[in-house]
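Asks: Mind folding the following:
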Amino acid sequence: MKLIILDRDGVINYDSDNYIKSVDEWIALPGALEAIARLSRAGWVVTVATNQSGLARGYYDVPTLEGMHQVLRDAVQQYGGHLGLITYCPHGPDDGCSCRKPRPGLLQQIAEHYHTSLDGVWFVGDSLRDLQAAVAINAQPVLVGTGKGGQTRTQELPEHTLVFADLAAVADYLLN
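Replies: Residues are numbered from 1 along each chain as shown. As a prediction, the model looks like this:
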């Protein structure tokens, strides 16, 4: 199985320090939806693992989050693609859960869902915690320059981290 895992905010859609709190605030990054669809049409299973502490903070509720994810799914489908499992951590940073990245719980949920190992699977993110989660399960850490990626790039990255401009560049690389 060709599997790829994506972070959401900053990789697929615009991010905000004030959180993405509504369907109207969820705006795809240029080329991201097309990139997901291209990967999907080429036989890749594209999944998402996203921290959503805005739930714990009371900024939005689960139906609102599910609405954002339905908009994402519908948009990818309009480009002829399919989006696989979306996992999310609803906890706050101090809740001590096992699913909040950099902990690997969300990625382990994906592995269990698809009955597969994540060794070498690409996990594309824009933050250091995304890359650390990838390393924790022996996945390939991939940093994009969108979202917080430019700021993250100035930090010490995990060994063997691959760096791309954006999700479209990741798809170009994997499909060529």
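Asks: per-residue confidence at residue 54?
Replies: Looking at residue 54, its pLDDT is 97.
Asks: Start at 14, not 1
Replies: Okay, residue one is now 14; in that scheme the one you just asked about reads as residue 67.
Asks: That one reaches residue 32, doesn't it?
Replies: Yes - counting by Cβ atoms under 8 Å, residue 67 does reach residue 32; the two are 4.2 Å apart. All C-beta spots, glycine's among them, are computed from the backbone N, C-alpha and C.
Asks: other SSEs contacting the longest strand anywhere in the chain?
Replies: In the chain, assigned by DSSP state E, the strand with the most residues is strand 57-64. On a contact count with 3 or more Cβ pairs under 8 Å, 6 or more residues apart in numbering; DSSP states H and E, strand 57-64 meets strand 15-19, helix 45-54, helix 75-91, strand 99-102, helix 118-127.
Asks: so how far is that strand off the chain centroid?
Replies: 5 Å (Cα atoms, centre = their mean, to the nearest Å).
Asks: now the angle from it to strand 15-19?
Replies: Angle between the axes of strand 57-64 and strand 15-19 is 30 degrees (criterion: axes from the mean of the first three to the mean of the last three Cα atoms, to 10 degrees).
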